[in-house]
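1. Okay, sequence plus prediction incoming.
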Amino acid sequence: VKVSFVLLPWHDELPELINTTQSKLTANRFLRVRKLILHVQEKLDKVPTSSSRTTSRASSERSSFDGNHHVHGHPLPTHSHSAKLAEASYEILCNDVLLPLDISLGAVRQYVWRQGSELVMHYRRKAQ
């Protein structure tokens, strides 16, 4: 079963991962927040600096994580160094609640979001 959600920057402190016409994502309900953090790190690493930022045309309005943790056919990084760096750098929130790394999207939707509307989560840098 897939879960639709939106992943946005917390209070605009970081750039958006994808343009606003592509902000909706779908993933298996068993996907863990840990994998979302890896996705955030991978996408932010690819975001150009603000001085060279360009607008790209969206090929699709919805991105998707498949069961093998791929986005648009590209695997998410799973190397332990990348994972540790991402987990040390970023965090995901829902309804102003910091989400544990091991919680699944299905559990976030049921126990944290608790609304019928599309799930909205935010990412931010961890306070150093």
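-> Okay, I see it. Numbering: from 1, shown residues only.
2. What is the burial count for the nearest residue to residue 6 once chain neighbours are set aside?
-> Leaving aside its sequence neighbours, residue 6 sits nearest to residue 120 (CB to CB, 6 or more residues apart in numbering; 4.8 Å). Just so you know, the C-beta spots here come from the backbone N, C-alpha and C atoms, and that holds for glycine as well. Residues lying near residue 120 (other CB atoms under 10 Å) number 15.
3. And residue 38, by the same measure?
-> Neighbour count for residue 38, taken as other CB under 10 Å: 22.
4. now it: how far from residue 116?
-> According to CB to CB, to the nearest Å, residue 38 and residue 116 sit 29 Å apart.
5. Confirm that the residue nearest to residue 6 sits in a strand.
-> Yes - if the criterion is DSSP: H, G, I helix; E, B strand; the rest coil, then residue 120 is within a strand.
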